[in-house]
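Q: show me how the following folds:
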Amino acid sequence: MEAQLKELIPFLRDKNPQVRQIALSNLLGQTPEGSPHRNIFYHGLGGAGLQKPKETDIIRDLKLLCRDQLAVAHDAFRALVNLSDSPLLVPFLSEPTFLTFLVSYILNADSILADLASMLLSNLTASSSPCAALLALKVPILKISSSSSPLFPTLSRSGTCSTPVPYPSGEPQDILALPLLIDAFVEGVSIDPSGDRAPRKRKGELHFLASVFANISTSPAGRTFFVTSQPTDPLDPNSTNEYPLAKIVAFTEHQDTIRRGGVASTLKNCAFSSQVHRAILSPDTEAVAVPPSTLSAPGVDALPYILLPLAGPEELDLEDQEKLPSALQFLPSTKKRDPDPALRLTHVETLLLLCTTRWGRDYLRDHGVYEIIRGAHMEETVDKVSEHIERLVQLLKGDEGVETADDFDVVRVGGQEDDDDEDNRIEEV
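A: Okay, here's the model as predicted:
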């Protein structure tokens, strides 16, 4: 059987698209993890001795087929998504030419397979080297004035996304990719509750970009990006400044688990740096700078979006209601907490991290966090979440004395050697 499958590989380069599709469709079934002949895709990638690993014909062909007609490109993207869980493949899928095409393809509003491309980018950024490459990546962009989409990534050309007609004039500008991906992620949300995609700006929903952001924010450089003041419009350096994190925090209650989970993880990872807590919590009516930078931007105002997934329909006294952010006041009787215990835990861990400074603890006390988590604790059925809520209560209701007047480390985070209880350790995700 393996010999027969290998005989199909040369047909991936056949001039006839139907032949390419038939060959690829027969190979696709061997790409998922656990497939009996999956090794045909990895054979020869490892190199030997001091020799650098070399890209094999089949991987090169799959990358090229991502630019093919719809049926072929769909199976090529699926194959690479399935195969990209292997570290052997990561260097070849994150090399500059393919990474630039992949990101450009996602950025093109007319890309039919943008969701599959986002899944592939999500898998790749689980490794540190693609994350670093994506943080520095710039893609050539042409501005379009007479179109629903204001930009055209010139390197996105393929059989599954259209080219503007007439083709825009001028020279492409190299624009940092990550701010553009954040804007694409925001535009990918379906506003119409009926699911009609007609009024949307993009053909893809791009939920998996949330996982990309979460992966990037596990590194110090990635966290710095999300809390560094940037122009709101990546194509206009003179536009007002905003923290990139502020653009995505609103999705913590989105119906898609991947989207809201990735955003929750990004927010938690950013909270590992105590210097950014004031920017994360402050309302957008206040301009805040993140040290050592003196460049300010409106606060992220993240607290409502952390608390809403933990809030239920409980009635509170008027005095308690007045403490809460406006988005949490007088919630309807139909309000439900996030059904995913892993995401509830993520939000509680974010609040714990925000308690590592005296300013953060005081802010959480003054804005009704205890009142919300008290109700959450009463309804919680998962022991690990309950235990973390109890730790949070101890921090919020504990007395503040001289010894706590200054900022101090009240939460154990991953990597501390003196932590005997691994269950109490907060890990980057």
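Q: now the nearest residue to residue 56 once chain neighbours are set aside: which helix or strand?
A: Closest residue in space to residue 56, ignoring its immediate chain neighbours: residue 44 at 4.8 Å, by C-beta to C-beta, 6 or more residues apart in numbering. Quick note: C-beta positions are derived from backbone N, CA and C, even for glycine. Residue 44 is part of no helix or strand when elements are defined by DSSP states H and E.
Q: and residue 44, how far from residue 57?
A: 9 Å (C-beta to C-beta, to the nearest Å).
Q: quick one: stretch 210-222 to chain centroid distance?
A: Distance of stretch 210-222 from its chain centroid, counting by C-alpha atoms, centre = their mean, to the nearest Å, is 7 Å.
Q: for that stretch, what is the average pLDDT?
A: Throughout stretch 210-222, pLDDT has a mean value of 97.
Q: do the same with stretch 270-278
A: Stretch 270-278 carries an average pLDDT of 96.
Q: and stretch 101-120, how far apart are its ends?
A: Using C-alpha to C-alpha, to the nearest Å, the end-to-end distance of stretch 101-120 comes to 12 Å.
Q: no wait, stretch 374-384
A: End-to-end distance (C-alpha to C-alpha), stretch 374-384: 16 Å.
Q: returning to that earlier point: burial of the residue nearest to residue 56, as a residue count?
A: The number of residues packed near residue 44 is 16, by other C-beta atoms under 10 Å.
Q: can you check the pLDDT for it?
A: Note on residue 44: pLDDT of 76.
Q: repeat that for residue 147.
A: With respect to pLDDT, residue 147 has a value of 59.
Q: same check on residue 162?
A: 85.
Q: so who does it touch?
A: residue 110 (C-beta atoms under 8 Å, 6 or more residues apart in numbering).
Q: who's in contact with whichever strand or helix holds residue 101?
A: Secondary structure assignment for residue 101, by DSSP H and E: helix 96-107. Identification of contacts with helix 96-107 by C-beta under 8 Å, 6+ apart yields 63, 66-67, 92-93, 111, 113-114, 117-118, 120-121, 124, 130, 133-134, 137, 139-141, 151, 153-156, 158, 161, 177, 180-181, 184, 204, 206, 209.
Q: for the closest residue to residue 59 other than its chain neighbours, grab the count of nearby residues.
A: Once flanking residues are discounted, residue 59 sits nearest to residue 92: 5.5 Å by C-beta to C-beta, 6+ apart. Residues lying near residue 92 (other C-beta under 10 Å) number 19.
Q: surely residue 92 forms part of a strand?
A: No - under DSSP: H, G, I helix; E, B strand; the rest coil, residue 92 falls outside any strand and is assigned helix.
Q: what ranges of the stretch 101-250 of the chain fall below the confidence cut-off?
A: Scanning the stretch 101-250 of the chain with the threshold set as pLDDT under 70 gives 146-148, 190-199.
Q: could you pull out the strands for it?
A: Ranges of strands within the stretch 101-250 of the chain are 138-143, 151-153, 173-176, 230-231, 241-242, based on DSSP state E, counting those that start in this stretch.
Q: would CSV of these with distance to residue 33 and mean neighbour count be doable?
A: As requested, the strands of the stretch 101-250 of the chain are arranged in CSV below (distance: least, C-beta to C-beta, whole Å; neighbours: other C-beta atoms under 10 Å):
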stretch, distance to residue 33, mean neighbour count
strand 138-143, 31, 18
strand 151-153, 32, 25
strand 173-176, 34, 14
strand 230-231, 38, 18
strand 241-242, 40, 16
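Q: list the contacts of the closest residue to residue 217 other than its chain neighbours.
A: Among residues not flanking residue 217 along the chain, residue 269 sits closest, at 3.8 Å (C-beta to C-beta, 6+ apart). Residues near residue 269 by C-beta under 8 Å, 6+ apart: 214, 217, 218, 222, 223, 428, 429.
Q: likewise residue 229?
A: Residue 229 neighbours (C-beta under 8 Å, 6+ apart): 241, 242, 243, 289, 290, 293, 295, 296, 297.
Q: from residue 371, how far off is it?
A: The value you get for residue 229 to residue 371, if C-beta to C-beta is used, is 32 Å.
Q: how about the contacts of residue 229 in JSON lines, adding distance to residue 189?
A: Below are the contacts of residue 229 laid out as JSON lines (distance: C-beta to C-beta, whole Å):
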{"residue": "241", "distance to residue 189": "23"}
{"residue": "242", "distance to residue 189": "18"}
{"residue": "243", "distance to residue 189": "19"}
{"residue": "289", "distance to residue 189": "30"}
{"residue": "290", "distance to residue 189": "27"}
{"residue": "293", "distance to residue 189": "30"}
{"residue": "295", "distance to residue 189": "29"}
{"residue": "296", "distance to residue 189": "28"}
{"residue": "297", "distance to residue 189": "23"}
